[in-house]
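*Asks:* Sequence below, structure please.
(one chain, ligands or ions: 3)
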Amino acid sequence: MQELFSSAPAAGTRAARVLMDGLNDMVLDYAIPPGMQGVVRGSRVQVPLRSRHTTGTVLQVVEDGRWEGELRPLTRLVNDEPVVSPVLMDIAEWAARYYAVPVEQMIRCIVPEPVRQERHEEKTRKVVVLTEWPDDEKLNKINARAPRQAAVLRYLHAGDTKREPLADLGGSAALPACRSLEKQGYVRIEEETVHRDPAGKEEFALSRPLELNPEQAAALAAINRAVDGQDSRPMLLQGVTGSGKTEVYLQAARRVMDQGKGVLILVPEISLTPQTMARFKSRFADLPGSVAILHSAMSDGERFDEWHAIHRGKARIAIGPRSAVFAPVQNLGLIIVDEEHDPSYKQENSPRYHGRDIAVLRAAKEGATIVLGSATPSLESLQNTRTGKYAMLRMDKRADGQRLPLTRVLDMRSEPKDKRYLGILSERLRMAIDERLAKAEQVILLLNRRGFARTLQCPDCGFKVECPHCSLPMTYHVTENRLICHMCGHRAVVPRCCPECRSTGILLEGYGTQKVEAVLQRCFPQARIKRVDADVTARKGALSAILHDFRARKTDILLGTQMISKGLDFPGVTLVGVLNADLGLCVPDPRAAERTFQLLTQVAGRAGRGDIDGEVIIQTYSPEAGAIQFARRHDTDGFAETELALREQLQYPPFTHLAVLTLRSGQEELAQFSLATLHRRLAAALPPGVEITEPMPAPIAKAHGQFRFQCTIKSPSARTVADICSREIARMNFGEEITVALDIDAYSFM
Ligand code: ADP
Ligand code: ZN
Ligand code: ZN
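*Replies:* Ligands and ions are numbered 1, 2, ... in the order given. Model prediction:
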């Protein structure tokens, strides 16, 4: 960190050491003026810098420092109360070092933009209150002179409360009339704050706690013991899908709330798991406003209001995705990380922190209990239970008494090649869907889309249509009749013939959700089919509308990408089909098998949640793969044991830390040459036991017009890699035309 001190000696001053916003971790000292003695570590302040003002975060208050000359004073406090708690300040500094990013970048994660600037003032609205009702004679006079004023008076008088929002009286057009009435003493205009609740007008009926089965009761008792301070270890709750984990969370949360403490619940993504939010809102409906939602698609205003509700302690339960791990929950007693294995907890751009790992750290620092829940825990967490670092809680039976669904694996290699179904649907799956539709039951079909799309390839010369900026095949979109690059968004027209050999036979290879939807419509003309993919969900509210219709049984078949495998709970679904199970296995990623296993097991858990037994059909070209076979048998222990042994043998995570160092530049040679230089220095500086690969082009060698080169670093200590890489990167003094990305504990290797 760069420390610059402002000018000449003066002893005995109280000063604030301020981390400046947006200045690359520059730290400056400022005198605390007499009127601002409330400044502490974590306060947001405005300060003079040269001839302008800027904002920053107080890192430390220095009591008896010595400075060269007089310090300039702070200008003002941006927020009345400290914004970042001492624990969150510690976490910001810890994470900055662990992930090798500026502290200021971590502070940006902790304090949402609208709160940082306090720009989004609380939303207010004007309300007009009737203070005096004129007699008939006066009213007639008003009516003759100003009919609009008389209308306002009559409208207010007719209502029960004698007060109406200005908006209902005609909005700003009615304001002059109201002002005039106010002058005459008939009405008063008031400002009223409106809390922008992201859950909107939805009503949540109070739900009562269920009587727990023995497995749930044992898990709850263990969590309660930890809350009471008898076990400080993080707890891994491994419970099969439908084992009633959420009910355990709800009852644990209630107890923590009764003790006057706060609760933080992390979920992979709110829009995909709306029922978790709804179940908390319902269970705590007796405490209105106690549950705050932090949603990635929330407006700035909503975020501002919910953040302040949590910060003031008005809302004591916060629910949100990865970034909510920094929610300012007061007196934190319990953290729950639901679906703790979910890859979305890892942020894929800088700062590349892991939400679950930060949650574990935060719980330790706040003395809170943490529960990591999943049907398919990450191998990282499982390994931690094996070493005794985490406690293990298990729930192996489904709470609703349902059996786990029967899973069939179908070898697509032996399917007859029927042109009509283009290898999308096997005969067996097609018949199973027909059967379910005939019985008015529902079907979920999953298309694993990783690296798979509808692309153009010439059958005569093999030419592929690729994005000129990204060296990736472009995807054909029916609705726009365009080719689109999913890496950079580049659009192109569909060629009539091959640009290479002029063959007109250029055809569409592979398939995406749109293509499958078209095939399904053809196979099942009577069925109501809905598609969920990134294109559909880009529209705000589209996803929740689709899920709502599916729940209301207005849809028969839900077709979607991986995203629909998360936490959905539909009693009407009795058949789940996985169209292409093995695609996830073809990516260069040490967690490919783990992800495939988790995906298949989770999706299988979606079937048969109601009264009818469920069935799962997995179509694959590699039926013998371990990930597929263990998922078929719902054998999480078997998978974990085999896979952990393999990881240990290959020295992959969780037995080591993997970091990916990527250099990007518009100039290919510059990127390649610079990485070679950096690599040489790192190879010399890294201690024995740390392995670094030779520099190589990234699997996606070019994206957004930038060439990408990378090395992978394997190390027993992530700290060593972060420290040495940051030092060597700083020494290289890269110019503007090079971007360096260091991904500690990487989850993506593309
Ligand atoms: P999980 O989160 O482990 O997937 P859920 O909490 O969604 O499981 O529970 C699955 C179903 O079982 C839900 O419909 C839930 O209401 C029901 N359930 C949970 N606990 C009990 C219980 N103790 N008795 C009866 N039903 C229960
Ligand atoms: Zn060709
Ligand atoms: Zn592109």
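*Asks:* So in the protein, which helix runs the longest?
*Replies:* helix 668-685 (DSSP state H).
*Asks:* Residues contacting that one, please?
*Replies:* For helix 668-685, the surrounding residues in contact (C-beta atoms under 8 Å, 6 or more residues apart in numbering) are 661, 663-665, 692, 694-695, 706-711, 713, 724-725, 727-729, 731-732, 734, 737-738. For every residue, glycine as well, the C-beta is placed using N, CA and C.
*Asks:* ok, now with 6 Å
*Replies:* 663, 665, 692, 695, 707, 709, 711, 724, 728, 732, 738 (C-beta atoms under 6 Å, 6 or more residues apart in numbering).
*Asks:* how near is the most centrally placed residue in the chain to V337?
*Replies:* Note on the chain: the residue nearest the mean C-alpha position is P321, at 4.1 Å, using C-alpha atoms, centre = their mean. According to C-beta to C-beta, to the nearest Å, P321 stands 11 Å off from V337.
*Asks:* among the contacts of helix 668-685, which two are most distant?
*Replies:* Using C-beta to C-beta, the two most remote members of the contacts of helix 668-685 are F707 and I724, lying 24.9 Å apart.
*Asks:* which residues in the stretch 201-350 of the chain form strands?
*Replies:* With DSSP state E, counting those that start in this stretch, the ranges of strands along the stretch 201-350 of the chain come out as 235-239, 262-266, 291-293, 317-320, 332-338.
*Asks:* Could you report the separation of V78 from ligand 1?
*Replies:* Distance, V78 to ligand 1, by C-beta to the nearest ligand atom, to the nearest Å: 41 Å.
*Asks:* per-residue confidence at that residue?
*Replies:* Model confidence at V78, given as pLDDT, is 86.
*Asks:* Identify the residue nearest it in space, chain neighbours excluded?
*Replies:* Nearest residue to V78, sequence neighbours excluded (C-beta to C-beta, 6 or more residues apart in numbering): R44, at 4.0 Å.
*Asks:* Next one: the one you found from ligand 2, what distance?
*Replies:* Computed as C-beta to the ion, to the nearest Å, the R44 to ligand 2 distance reads 60 Å.
*Asks:* Relative to A327, how far out is the most far-flung residue of the chain relative to its centre?
*Replies:* Distance from the C-alpha centroid of the chain peaks at E137, with 63.3 Å (C-alpha atoms, centre = their mean). Distance, E137 to A327, by C-beta to C-beta: 59 Å.
*Asks:* Near ligand 1, which residues of this structure are found?
*Replies:* Neighbours of ligand 1 within the chain, by C-beta under 6 Å from any ligand atom: 210-213, 216, 239, 241-247, 399-400, 569.
*Asks:* Closest one to ligand 2 out of those, please.
*Replies:* Using C-beta to the ion, T241 comes nearest to ligand 2 of the residues of the chain next to ligand 1, at 47.2 Å.
*Asks:* my guess is that closest one meets G605, correct?
*Replies:* Yes. T241 lies in contact with G605 (C-beta atoms under 6 Å); the separation is 2.6 Å.
*Asks:* out of these two, which sits in the busier spot?
*Replies:* G605 (26 against 23; other C-beta atoms under 10 Å).
*Asks:* I figured the more buried one was touching G239, is that so?
*Replies:* No. The pair formed by G605 and G239 falls short of the contact definition of C-beta under 6 Å, at 10.5 Å.
*Asks:* picking up where we left off before, filter the residues of the chain next to ligand 1 down to the buried ones and hand me the PyMOL line.
*Replies:* A single PyMOL command selects the buried members of the residues of the chain next to ligand 1 (16 or more other C-beta atoms under 10 Å):
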select buried, resi 212+213+216+239+241+242+243+244+245+246+247+399+569
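*Asks:* what two of the residues of the chain next to ligand 1 are the furthest from one another?
*Replies:* Taking C-beta to C-beta, no two of the residues of the chain next to ligand 1 sit farther apart than E211 and T241, at 20.8 Å.
*Asks:* show me the contacts for E339.
*Replies:* When contacts are counted by C-beta under 6 Å, 6+ apart, E339 touches 268, 374.
*Asks:* Just give me how far stretch 132-146 sits from the chain centre.
*Replies:* 58 Å (C-alpha atoms, centre = their mean, to the nearest Å).
*Asks:* Offset the numbering so it begins at 39, please.
*Replies:* Noted, 39 is the first residue going forward, which turns the last one into stretch 170-184.
*Asks:* that's a strand at D67, yeah?
*Replies:* Yes. Counting by DSSP: H, G, I helix; E, B strand; the rest coil, D67 is found in a strand.
*Asks:* number of nearby residues for it?
*Replies:* If you count neighbours by other C-beta under 10 Å, D67 ends up with 20.
*Asks:* Distance of the residue lying closest to T658 once chain neighbours are set aside relative to ligand 2?
*Replies:* Nearest residue to T658, sequence neighbours excluded (C-beta to C-beta, 6+ apart): A619, at 4.1 Å. Counting by C-beta to the ion, the gap from A619 to ligand 2 is 32 Å.
*Asks:* what sits against A619?
*Replies:* Going by C-beta under 6 Å, 6+ apart, A619 touches 656, 658, 666.
*Asks:* what about 10 Å?
*Replies:* Shown in contact with A619 (C-beta atoms under 10 Å, 6 or more residues apart in numbering): 447-448, 450, 484, 486, 634, 637-638, 641, 655-661, 663, 665-666, 669-670.
*Asks:* and if you look at L213?
*Replies:* The contact partners of L213, taken as C-beta under 10 Å, 6+ apart, are 164, 166, 204, 207, 227.
*Asks:* Would you mind getting the angle between the helix or strand containing A768 and helix 706-723?
*Replies:* Assigned by DSSP states H and E, A768 falls within helix 756-770. Here helix 756-770 runs at an angle of 130 degrees relative to helix 706-723 (axes from the mean of the first three to the mean of the last three C-alpha atoms, to 10 degrees).
*Asks:* which helices and strands sit right next to helix 756-770?
*Replies:* Judged by 3 or more C-beta pairs under 10 Å, 6 or more residues apart in numbering; DSSP states H and E, the packing partners of helix 756-770 are helix 124-136, strand 695-703, helix 706-723, strand 744-753, strand 776-782.
*Asks:* try 6 Å
*Replies:* helix 706-723, strand 776-782 (3 or more C-beta pairs under 6 Å, 6 or more residues apart in numbering; DSSP states H and E).
*Asks:* Show me which residues of it are buried.
*Replies:* Within helix 756-770, the residues that qualify as buried are 756, 758-760, 762-764, 766-767, counting by 16+ other C-beta under 10 Å.
*Asks:* got a list of contacts for stretch 132-142?
*Replies:* For stretch 132-142, the external contacting residues (C-beta under 6 Å, 6+ apart) are 57, 63, 130-131, 144, 388-391, 760, 764, 780, 782.
*Asks:* Send me that stretch as PDB with only the CA atoms.
*Replies:* What follows is stretch 132-142, C-alpha atoms only, in PDB (Å, rounded to 0.1, in the frame of the first residue of the first chain):
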ATOM      1  CA  TRP A 132      -7.700  -9.900   4.700                       C
ATOM      2  CA  ALA A 133      -9.500 -10.600   1.400                       C
ATOM      3  CA  ALA A 134      -7.500  -7.900  -0.400                       C
ATOM      4  CA  ARG A 135      -4.300  -9.600   0.600                       C
ATOM      5  CA  TYR A 136      -5.600 -13.200   0.000                       C
ATOM      6  CA  TYR A 137      -7.000 -12.400  -3.500                       C
ATOM      7  CA  ALA A 138      -4.200  -9.900  -4.300                       C
ATOM      8  CA  VAL A 139      -6.600  -6.900  -5.000                       C
ATOM      9  CA  PRO A 140      -6.600  -3.300  -3.700                       C
ATOM     10  CA  VAL A 141      -8.400  -2.900  -0.300                       C
ATOM     11  CA  GLU A 142     -10.500  -0.300  -1.900                       C
END
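*Asks:* for the record, mean pLDDT for it?
*Replies:* The average pLDDT within stretch 132-142 is 96.
*Asks:* distance between that stretch and the chain's centre?
*Replies:* Between the centre of stretch 132-142 and the centre of its chain there are 20 Å (C-alpha atoms, centre = their mean).
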